[in-house]
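**Q** next one to model:
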Amino acid sequence: MVGNLLSLGKREGIDQSYQLLRDSLDLYLAMYPDQVQLLLLQARLYFHLGIWPEKVLDILQHIQTLDPGQHGAVGYLVQHTLEHIERKKEEVGVEVKLRSHEKHRDVCYSIGLIMKHKRYGYNCVIYGWDPTCMMGHEWIRNMNVHSLPHGHHQPFYNVLVEDGSCRYAAQGK
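**A** Next up, the predicted model:
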């Protein structure tokens, strides 16, 4: 059954295919944690979406331990993931964001609030926010952010979901 979900998630043109692929990979790897090809797919997916670069490095280290023959693919992703982390450090300095500041007037929810996502129905807690989407253009395109009423020009929240995953969710109105 999980294999079928993986196949559906790999198909293009299906709404939320990246989310389905992420979820089915997580489930499959929970049952079979040493499947090198699926671990590599998971690392590539996370890298492509621009999420959890530190987890990508952990996955790649695990792959290298399991199968040293994967050195080429692993080395390539390690190099680009480290470059991504360095760029993020340079782009983002430490900034204290106050909801009370005029430029953050559209941010409706506070850190620590427990919420239920309107569209997907999962329960989560907010642990961070951005006044607009701070993800890269590729992530914005892949997650179809442009189809939202306010696109990427609205607050986005870092949320911890009840299943233990972390997500980046638009505020919506």
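
**Q** SS state for residue 128?
**A** strand (DSSP: H, G, I helix; E, B strand; the rest coil).

**Q** residues near it, how many?
**A** By the measure other C-beta atoms under 10 Å, the count of residues near residue 128 is 13. For every residue, glycine as well, the C-beta is placed using N, CA and C.

**Q** ok, now how distant is the residue nearest the centre of the chain from residue 161?
**A** With distances taken as C-alpha atoms, centre = their mean, the chain has residue 51 as the residue nearest its mean C-alpha position (3.8 Å). Distance, residue 51 to residue 161, by C-beta to C-beta, to the nearest Å: 13 Å.

**Q** ok, back up a step: A helix includes the residue nearest to the centre of the chain, no?
**A** No: Residue 51 is assigned coil when assessed by three-state DSSP, not a helix.

**Q** what's near enough to touch it?
**A** Going by C-beta atoms under 8 Å, 6 or more residues apart in numbering, residue 51 touches 139, 166, 168.

**Q** now whichever helix or strand the first one is part of: average pLDDT?
**A** Same thing as residue 139. In this assignment (DSSP states H and E), residue 139 forms part of helix 137-142. Helix 137-142 shows a mean pLDDT of 81.
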